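*Asks:* next come a sequence and a model predicted from it.
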Amino acid sequence: MSTGKTSAPAIRYSAITFDCPDPADLARFYGDALGLPIAYSTDDFVLLGREGSAGLGFNRLADYRRPTWPDPSQEKQAHIELGVDDLDAAQAWLISQGAVAPAVQPDPDRWRVLLDPAGHPFCITTLV
């Protein structure tokens, strides 16, 4: 006798993709920060990752508009959280790689908000 229920198909998280004006540039930033190689690349899309693991994608968007966080006029849309061992050292290194530290820091003793080269906010934290 059928219960009418079907089993869920296998679904797994494979990647997060960020819109940006220059996929190669943003992939270089995150690839260096996370030690991830390029798994796939075209002029308009770059995927970072290793086989069998989730990745990060970067998609060229012709009319891309940078998030204006913390100003809500152009919302951040999404952001990534990166775990670090030392907030100060990680922040200094990420800034040397092209990140920017905005003046607004909601809880700088616990986490820091940075902006990637395309303006996406991301957080570094010792809590992850």
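*Replies:* Structure's in. What do you need? Numbers count the residues shown, from 1 in each chain.
*Asks:* care to break the chain down by domain?
*Replies:* Under the assignment automatic domain parsing, the domains of the chain span 13-63, 65-128.
*Asks:* got the ones you listed as a markdown table, with distance to K5 and mean pLDDT columns?
*Replies:* Quick note: C-beta positions are derived from backbone N, CA and C, even for glycine. Listed next are the domains of the chain as a markdown table, based on distance: least, Cβ to Cβ, whole Å; pLDDT from 0 to 100:
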| stretch | distance to K5 | mean pLDDT |
| --- | --- | --- |
| domain 13-63 | 24 | 93 |
| domain 65-128 | 33 | 88 |
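*Asks:* out of those, nearest to T6?
*Replies:* domain 13-63 (21.6 Å; Cβ to Cβ).
*Asks:* gap between the two ends of the closest one?
*Replies:* Criterion Cα to Cα, to the nearest Å; first-to-last residue distance in domain 13-63 is 28 Å.
*Asks:* in this protein, which residue is closest to the centre?
*Replies:* What sits nearest the mean C-alpha location of the chain, by Cα atoms, centre = their mean, is I80, with 4.5 Å.
*Asks:* residues contacting it?
*Replies:* I16, L56, H120, F122, C123 (Cβ atoms under 8 Å, 6 or more residues apart in numbering).
*Asks:* let's go with 7 Å and repeat that
*Replies:* Shown in contact with I80 (Cβ atoms under 7 Å, 6 or more residues apart in numbering): I16, F122.
*Asks:* again with V104
*Replies:* P70.
*Asks:* tell me the SS of it?
*Replies:* Under DSSP: H, G, I helix; E, B strand; the rest coil, V104 falls in the coil class.
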